[in-house]
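1. Compute the structure for the input listed below.
(2 chains)
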Amino acid sequence: MAPPAEVLAVRGLSKTFPGVRALDDVDLTLHPGEVHALIGENGAGKSTLIKLLTGVYRPDAGDITFQGRKVSFATPLEAQKAGISTIYQEVNLIPLLSVARNLFLGREPRNRFGMLDVTRMNREAEEVLGTYGVRVDVRQPLRTLGVGAQQMVALARAVATDARIVVMDEPTSSLEPREVETLFSVIRRLRDAGIAVVYVSHRLDELYAMCSTVTVLRDGRRVHHGPLADLDRLALVSTMLGRDLGDVREEGATKFSGDHQAADTRPVLQAEGLTVPHKLHDVSLSIRPGEVVGLGGLLGSGRTETAKAVSGALARSSGRITVAGVPLRGGSTPAAIRAGISLLPEDRKSEGIVPGLSVRENIALAALPRLSRFGLVSEARVDSIVDTFVERLRIKASSPHQKVGELSGGNQQKVLLARWLAMNPKVLLLDEPTRGIDVGAKAEVQKLVDELAADGLGVLLISSDLEELIEGSDRVVVLKDGAVVGELTGDDVTEDKLMRTIAGGGDPAHDAAKEAATDG
Amino acid sequence: MTATKTDAPVTTASDEPADATAPVGSARSERLSALVQQHGALAVLVLVSIVASFSFDSFATGDNVSNMATGSAFLAIVALGMTFVIVTGGIDLSVGSLFALGGVLAAWGSRHGTLVALLLPLVVCGLIGVVNGLLVARSRLAPFIVTLAAMLGARGLMLAITDEGANTYLIGKGSFLAELGQGTTLGLGNPVWITLALFVAGAVVLRRTRFGQHVYAVGGNEDAAALMGVPVARTKIAVYTLSGALAGLAGALNAAWLASGVTILGNGMELDAISAVVIGGTLLTGGLGYVSGSLVGVLLLKVIQNIINQIGSLDSSYQLVVSGAFLALVVIAQTWLGRRRQLV
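-> This is a model prediction of the structure:
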């Protein structure tokens, strides 16, 4: 079968930002119906390439041929109109606008007076979203939907604009397995309709499940391209990282060492009967020093809410929390921090880092009250703490005074971790600590979690990455609909058992989705 | 944003992907909060008016209502433009000065006929709005500073035209312009009808046109709006232009009503307009707001002022105290509602 004519041909694309050669002489070819994996570590140039294709940036050199014609898009709108749509990692829609209005923004159906035809818009929105498995009241504001459903709306929007190419930048990073399967069926539909898909993801399972071809970027250059089947996982990872990873395991590829010794049998954290209206019902769990307890469950099962309730970020209507035998009084975050509970939040950008402040300032932020006397901060003590953690966590920054916003995602996460470690916590709550960071940084963060547990910290680990959860945790407490539905210990800590517990004893829909998601 | 369980029915067809929906919180409490946010001011207005009409014999009289309506009309037109600006997440402090400038320009232009008297303030104040919009959208300056500068500049311009306020231009009796400002139709002043027409048009534009969608989108999430192909800069320029032009028009109508271009008007009017918009349920952070709410907000401020006047024994200075306290209460209630709905 002769390959159909290419829909996109990129030749010698280059882009330089002040001080950084972000993209250097990169080629990319897409054919109709091709699902093309675009991979590389953070900073490899994936985002830059995508932004050049979609009209956010203009290239310094090189040209883009789209459907046989040389193009130069001045704005994302032009790219969209020409037929290149993008869905971004973080859902980029308008939360306060209704679902239907988001879906149709910019191409609303209008009546003969030029006014929006709201009835038709809502009806069509319901029809379109129905084919994506999203059944909601489309007149409600978008923000009332879960992240997964929002992502589906973004996808429906991208595809509906008569796209010839759909670029997906880590579309699954906030989806649960069932939603991933929905996404995959949509991608298959696009593929069969002759639409080319550029698929960016850090999840190797997904790449091998969906993609036929691959382009690997490293340091702004293309280091590999061709059929994905020609490259096994280990080869893919080492190509991406540019070094032989003897220590990358054939399977799993996580950096957890396995079981930790729970030296003390007395729990460092004990939470009993946590209840938050509409969110948590009577959730109890305990963590011993040196133990990593995983929190399993689907998106929306109450994992994040549990961590937030423990840390005081979410007001609980009932429940008791004891830290090292001392009951925690009051439900506030400062009280929890003083007692030794630190939360690394799920959403780095909005709940964690202050991008405009330096590495040093970000690390010292929470510890400032401890580092100051009479309101004056001891610079020397700050320096010593910052130096300790930059070294210990292997934070890669040009200096402690570099702005955190300029660091890669992995290093931002380490800065956040350092901030909380500077508080000398007894319990560390990690909510998706490796989401959206590259493979190398992921391995390092996983190793750090191991080391911290070995130092005697109690760790609560939340992760949508099942491998990470299984291999990182000594025990896994499983949540469903805001309540504990099971606990896995010892040899029972396996993906299979976890899926069964979540599904409540073998719901085939979940198993099927899981198999599809992991099927290499 | 996090998802919680829902009691919505899961309808999964056999050959279709699984249901990917997970609404946050209960839909009913969400709708109730939204209702209170949108119509809370109206409920208070009705309540206050009922209490006032039982307490003061002269409150619910035709004359008093008609006076209040006319007195509200000019601020309402300014608040209409302000609503558009605030929904985009901006603010326009220049409207008070533009109101005064518009009035003076209309009175000055009235010697050349009604058309000039109306077009001159619209064009001049609209152009100042364009400059505001350009500086906010293209030069990316803070709306607060840009419109503060315009507020000073426009007042200076107005003083220059009037020889530092020494010269008050009059509008001739019996002209069409005077009729527009002073005449009545069906028992209500003409400015009231003009205001109502403008609000109907404004509501249609905001809710039923693409431009209106763009206004909400820019205020809801500017970056996302840009990526979704919304012309962000053009939308911003448009709302500041609209706000400037409407402030000029309000000033012109006010001058027609007073039969002269009074130079001392409009001081602090921008703050009244912002108060009315916020009281009406529009979020100062943008992305959510209602034209009808702003009208209710203006009326509420006016009714409170009227009640204090009715009490008589109260010094009218207390109007400001009550208005201020009221605004604080509304903002507290809004913030509380917003947190409930996880808007802020």
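
2. wait, what's in contact with residue 292?
-> By default, I'm working from chain A. Contact criterion Cβ atoms under 8 Å, 6 or more residues apart in numbering or on different chains gives A:His260, A:Val449, A:Asp450, A:Ala453, A:Val459, A:Leu461, A:Gly472, A:Ser473, A:Asp474 as the residues in contact with A:Val292. The C-beta positions use only the backbone N, C-alpha and C, and glycine is treated the same way.

3. actually it's chain B I care about, not the one you picked
-> Residues in contact with B:Ser292, defined by Cβ under 8 Å, 6+ apart, are B:Leu42, B:Phe199, B:Ala203, B:Gly280.

4. which one of those residues has the most neighbours?
-> Each of those was scored by neighbours using other Cβ atoms under 10 Å in any protein chain shown; the highest score is B:Gly280's, at 30 neighbours.

5. related to what we said a few turns ago, just checking: which of the contacts of A:Val292 also lie near chain B?
-> Among those, not one lies near chain B by Cβ under 8 Å from any Cβ of the partner chain.

6. Give me the contact status of whichever strand or helix holds A:Leu498 with chain B.
-> In this structure, A:Leu498 is located in helix A:495-503 according to DSSP states H and E. No. Helix A:495-503 stays clear of chain B (Cβ under 8 Å from any Cβ), getting no nearer than 12.4 Å.

7. Point out the other helices and strands that that helix packs with.
-> strand A:292-296, helix A:466-472, strand A:475-480, strand A:483-489, helix A:508-518 (3 or more Cβ pairs under 8 Å, 6 or more residues apart in numbering or on different chains; DSSP states H and E).

8. Pick out the shakiest of the ones you listed, pLDDT-wise.
-> Summarising mean pLDDT across the helices and strands packed on helix A:495-503, the least confident stretch is helix A:508-518, with a mean of 42.

9. what residues are up against B:Leu265?
-> B:Phe99, B:Ala100, B:Gly103, B:Gly251, B:Asn254.

10. Now do it, the pLDDT please.
-> In the prediction, the pLDDT value recorded for B:Leu265 is 86.

11. Assign it to helix, strand or coil.
-> Assigned by DSSP: H, G, I helix; E, B strand; the rest coil, the conformation of B:Leu265 is coil.

12. And it, how close does it get to chain A?
-> 35 Å (Cβ to the nearest Cβ, to the nearest Å).

13. Can you tell me which residues in the stretch 1-150 of chain A are near chain B?
-> Of all the residues in the stretch 1-150 of chain A, those in contact range of chain B (Cβ under 8 Å from any Cβ) are A:56, A:75-77, A:80-81, A:86, A:88, A:92-97, A:101, A:105-106, A:108, A:110, A:114-116, A:118, A:131-137, A:140, A:143-150.

14. Just the ones of the residues you listed in strands?
-> Among those, the ones falling in strands (DSSP state E) are A:Thr86.

15. Keep only those of the residues of the stretch 1-150 of chain A next to chain B that are in helices.
-> When the residues of the stretch 1-150 of chain A next to chain B are checked against helices using DSSP state H, the ones located there are A:Pro76, A:Leu77, A:Gln80, A:Lys81, A:Arg101, A:Val118, A:Val147, A:Gly148, A:Ala149, A:Gln150.

16. could those go into TSV alongside neighbour count and pLDDT?
-> Shown next, in TSV, are those (neighbours: other Cβ atoms under 10 Å in any protein chain shown; pLDDT from 0 to 100):
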residue	neighbour count	pLDDT
A:Pro76	20	80
A:Leu77	18	78
A:Gln80	24	83
A:Lys81	17	83
A:Arg101	27	92
A:Val118	18	89
A:Val147	21	75
A:Gly148	27	76
A:Ala149	28	82
A:Gln150	26	85
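
17. ok, those vs chain B, which is closest?
-> The shortest separation between chain B and any of these is 3.4 Å, and it belongs to A:Leu77 (by Cβ to the nearest Cβ).

18. my read: that closest one touches B:Ala225, true?
-> No. The pair A:Leu77 and B:Ala225 fails to qualify as a contact (Cβ atoms under 8 Å) at a distance of 10.7 Å.

19. any shared contact partners between those two?
-> Residues within reach of A:Leu77 and of B:Ala225 at once, by Cβ under 8 Å, 6+ apart: there are none.

20. What residue in the stretch 351-500 of chain A comes nearest to chain B?
-> As assessed by Cβ to the nearest Cβ, chain B sits closest to A:Asp481 within the stretch 351-500 of chain A, at 4.4 Å.

21. how deep is that residue tucked in, by neighbour count?
-> Tallying neighbours of A:Asp481 according to other Cβ under 10 Å, which is how burial is gauged here, yields 16.

22. anything in stretch B:205-225 near chain A?
-> Yes. Among the residues of stretch B:205-225, B:207-210, B:213, B:216-217, B:219-221, B:223-225 lie within reach of chain A under Cβ under 8 Å from any Cβ.

23. What does B:Pro231 show for phi and psi?
-> In this entry, B:Pro231 is assigned phi and psi values of phi -70, psi 90 (degrees, to the nearest 10).

24. How is the closest residue in space to it that isn't next to it in sequence assigned, secondary-structure-wise?
-> Once flanking residues are discounted, B:Pro231 sits nearest to B:His214: 6.8 Å by Cβ to Cβ, 6 or more residues apart in numbering or on different chains. When the structure is reduced to helix, strand and coil (three-state DSSP), B:His214 reads as helix.

25. now B:His214: how far from B:Val87?
-> B:His214 is 10 Å from B:Val87, where distance means Cβ to Cβ, to the nearest Å.

26. who's more crowded, those two?
-> When neighbours are counted by other Cβ under 10 Å, B:Val87 comes out ahead of the other of B:His214 and B:Val87, with 27 against 24.

27. That one touches B:Val291, doesn't it?
-> No. With contact defined as Cβ under 8 Å, B:Val87 does not reach B:Val291; the gap is 9.3 Å.

28. Which neighbours do these two have in common?
-> Taking Cβ under 8 Å, 6+ apart as the contact rule, B:Val87 and B:Val291 both touch B:Leu206.

29. Where does pLDDT dip in chain B?
-> Within chain B, the stretches falling below the threshold (pLDDT under 70) are B:1-28, B:314, B:316, B:338, B:340-344.

30. Centre-most residue in it?
-> B:Ala79 (1.7 Å; Cα atoms, centre = their mean).

31. and after the helix or strand containing that one, which helix or strand comes next?
-> When secondary structure is defined using DSSP H and E, the element that contains B:Ala79 is helix B:62-87. Stepping forward along the backbone from helix B:62-87, the first helix or strand reached (DSSP H and E) is helix B:95-109.
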